[in-house]
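**Q** pasting a predicted model and its sequence here:
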Amino acid sequence: MACSTPDVPLQSRVVDDKSPICIPFILTRLAAHRKAQAQLADGAKPAPFIIGLNGVQGVGKTTLVRALAETLQGREGLPTLVVSIDDFYLSHTDQLALAAVHPDNALVQYRGEPGTHDISLATNFLSALCKGEPAWVPQYDKAAFSGLGDRLPESQWPAVNRPGQKPIEVVILEGWCVGFRALPDSEVEACWRGPARTLHKHTLEHLLFINDQLSRYDALTDVLDAFIHIDAEDTEYVYDWRIQQETQLRHDRGDGMTDEQVVKFVDAYYPAYELYSDGVRDGILPGRPGCQLRLIVGKDRSVQDKIVI
């Protein structure tokens, strides 16, 4: 696939046409959430409203999350916390240990794919938030260990829900794999045997390992009250979008990945897109109609269609 670089800086190309669609959806679901919470027994602390947000790399997810948080926190007056699934990556030591146990599986040699996150840390954190208890937000430094990354010390984690602080009312859990659900092994094999861009670069055994790890992520997906999926007309747009981002970094900072490095970088994530994107499109919150919003964007990242599932 030919990847083109932008003729103008990236910042002039990213326009937020998504938050005006997402905010009414969020407020509608929040009203339903509050109604349900009002039926709780007297004295029970209301649980925060948790939104999952999934978007392929480079689609403008960061711009959207910032706009959503600013609107909810500012205009709506809702104490809002944004949490990235990236901040729950395994510590550097644990990631090295995982890679050592599976030395032939390229999918877990570095952070990224399902299985490289600390799901116990994430579930305990969300559990504390749901109970209205004080919680400390994990922080991850992707630049540590020459780019291999590591979790920052707990002393550097910001605290929420502490005495004197307004309790968090809205949580946005964002990330490229938020909402992915594991498939039956037979479906993984069928995808692997069919036409694919990157799946054939890996053995079926290695893909099944990732799929098995992903089943643990249901503990995160199941607590979501609403879900927003920023989808692409063609998932392969992610290659061009990442190239545009790195071009912007080279323009702004004089440092960034080459086009060839970007392709290699995205290839490490793309197997999960190939396996799990259709499941996200079909809906990740079964039995809860109206709780998922899917925005389909074109190559220019503008919204082409919206679907409530």
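**A** Sure, I can see it. Residues are numbered from 1 along each chain as shown.
**Q** correct me, but G175 touches V56?
**A** No - counting by Cβ atoms under 8 Å, G175 does not reach V56; the two are 10.9 Å apart. For glycine as for every other residue, the C-beta is placed from the backbone atoms N, C-alpha and C.
**Q** grab the most central residue of the chain for me.
**A** Computing the C-alpha centroid of the chain and ranking residues by Cα atoms, centre = their mean puts G175 first, at 1.1 Å.
**Q** pull the contacting residues for the nearest residue to it once chain neighbours are set aside.
**A** Once flanking residues are discounted, G175 sits nearest to I85: 3.2 Å by Cβ to Cβ, 6 or more residues apart in numbering. Counting by Cβ atoms under 8 Å, 6 or more residues apart in numbering, I85 touches 117, 122, 173-178, 220.
**Q** cool, A219 as well?
**A** Counting by Cβ under 8 Å, 6+ apart, A219 has contacts 119, 122-123.
**Q** pull the most distant pair out of the contacts of I85.
**A** Using Cβ to Cβ, the two most remote members of these are A122 and W176, lying 15.0 Å apart.
**Q** now, which of the contacts of A219 lie within helices?
**A** If you go by DSSP state H, the contacts of A219 have 119, 122-123 in helices.
**Q** return the member of these nearest to I51.
**A** A122 (15.3 Å).
**Q** excluding its backbone neighbours, what's nearest that closest one?
**A** Leaving aside its sequence neighbours, A122 sits nearest to F88 (Cβ to Cβ, 6+ apart; 4.3 Å).
**Q** kindly report the same for A268.
**A** G112 (5.6 Å).
**Q** quick check, the one you found in a strand?
**A** No - counting by DSSP: H, G, I helix; E, B strand; the rest coil, one finds G112 to be coil, located in no strand.
**Q** number the chain from 33, please
**A** With the count now opening at 33, the last piece we talked about shows up as G144.
**Q** what's the neighbour count on it?
**A** 18 (other Cβ atoms under 10 Å).
**Q** V298 is in contact with that one, correct?
**A** No - between G144 and V298 there is no contact under Cβ under 8 Å: 10.2 Å.
**Q** name the helices or strands packed onto the one helix or strand in the chain whose mean pLDDT sits lowest?
**A** Ranking every helix and strand in the chain by mean pLDDT, DSSP states H and E puts helix 269-285 at the bottom, with a mean of 89. Counting contacts by 3 or more Cβ pairs under 8 Å, 6 or more residues apart in numbering; DSSP states H and E, helix 269-285 packs against helix 291-314.
**Q** off-centre distance for the helix it packs on?
**A** Here the centre of helix 291-314 is set off from its chain's centre by 13 Å, with Cα atoms, centre = their mean, to the nearest Å.
**Q** pull out the buried residues from that helix.
**A** By neighbour count on 16 or more other Cβ atoms under 10 Å, the buried set for helix 291-314 is 291, 294-295, 297-298, 300-309, 312.
**Q** can you check stretch 208-227 too?
**A** 208-215, 220, 223-224.
**Q** nearest to L113 among the contacts of A251?
**A** Looking across the contacts of A251 and measuring by Cβ to Cβ, the closest to L113 is A154, at 13.6 Å.
**Q** now do the contacts for that closest one.
**A** 117, 120, 251-252.
**Q** so can I have TSV of those showing distance to V192 and pLDDT?
**A** Listed next are the contacts of A154 as TSV, based on distance: Cβ to Cβ, whole Å; pLDDT from 0 to 100:
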residue	distance to V192	pLDDT
I117	17	96
F120	16	98
A251	20	97
L252	18	97
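**Q** between the ones in helices among the contacts of A251, which is closest to K93?
**A** A154 (18.3 Å).
**Q** please identify the helix or strand for Q336.
**A** Taking DSSP states H and E as the definition, one finds Q336 inside strand 335-340.
**Q** next, the angle from that strand to helix 291-314.
**A** Relative orientation of strand 335-340 versus helix 291-314 (axes from the mean of the first three to the mean of the last three Cα atoms, to 10 degrees): 30 degrees.
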